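**Student:** could you work out the structure for the sequence below:
(one chain, ligands or ions: 1)
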Amino acid sequence: MSMRPIAADAIGGGPRKGAVHRAGAALRRLYALPLAAAVMVLVIPAEAAAAPDPARGQQIYDRCLACHAVENNRVGPRHCGLAGRQAGGLPGFDYSDAMRAAGFTWNRQTLDRFLADPLGVVPGTTMTYDGIKDDQERRDLVAYLLSLKPCAPR
Ligand code: HEC
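**Tutor:** Numbers count the residues shown, from 1 in each chain. Sure thing, here's the model as predicted:
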């Protein structure tokens with residue numbers, strides 16, 4: 001009279017039990033999929049928004065050295081003391097009219113926008129540089145630029 005599993009096997013419950021088991025496993029995989037997707041959604045933006053790294057930004061600044069230096073004007077203006085400076089506002093540097101008229105100061109946001117697309121943000125600028133398209137590279141570079149000390153008195 002007892003319903004021990006062995007009795008179920010004897011009347012063909014074995015395969016059905018196996019089928020139920022397989023269905024359960026499939027169901028678990030079904031649940032696992034969206035879970036894995038959810039974990040990826042959580043992880044990927046967290047990586048994309050990694051904290052800005054000024055040391056890495058300094059390496060990216062190598063791309064600017066053809067025209068800029070931190071302490072000296074070259075083709076482009078020097079970058080010491082850039083944080084909070086009026087765009088086109090370094091005394092003695094021969095800016096374009098477009099940069100002089102830009103009308104904003106340099107901060108994290110304005111630098112990020114300008115460096116993504118210099119000619120798009122300040123049409124007519126003489127900074128003929130295509131910009132830095134990678135968001136994280138730009139964040140790192142901007143962190144470096146904002147870390148530069150005020151220019152030494154001269
Ligand atoms: C091909 C030369 C060239 C390259 C490369 C270049 N720049 Fe410039 N940059 C200029 C010139 C010229 C100006 C002045 C633009 C004007 O007056 O319109 C300028 C202006 C700027 C300004 C405005 C500064 C101020 O005093 O208002 C910033 C910020 C700047 N550059 C950042 C960078 C960074 C960061 C890089 C590297 C990713 C870079 N530039 C690459 C030539 C260059």
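
**Student:** and the spatially most central residue of the chain, what's its pLDDT?
**Tutor:** When C-alpha atoms, centre = their mean is applied to the chain, the residue found nearest the centroid is residue 136 (3.0 Å). With respect to pLDDT, residue 136 has a value of 97.

**Student:** likewise for residue 121?
**Tutor:** On the pLDDT scale, residue 121 is placed at 97.

**Student:** is it true that it touches residue 114?
**Tutor:** Yes - the criterion here is C-beta atoms under 8 Å, and residue 121 meets it with residue 114 at 4.7 Å. Where you see a C-beta, it was placed from the backbone N, CA and C, and this is true even at glycine.

**Student:** so between these two, which is more surrounded?
**Tutor:** Shown here are residue 121 and residue 114; by other C-beta atoms under 10 Å, residue 114 has more neighbours (23 against 17).

**Student:** wait, a helix at that one?
**Tutor:** Yes - Residue 114 sits within a helix when classified using DSSP: H, G, I helix; E, B strand; the rest coil.
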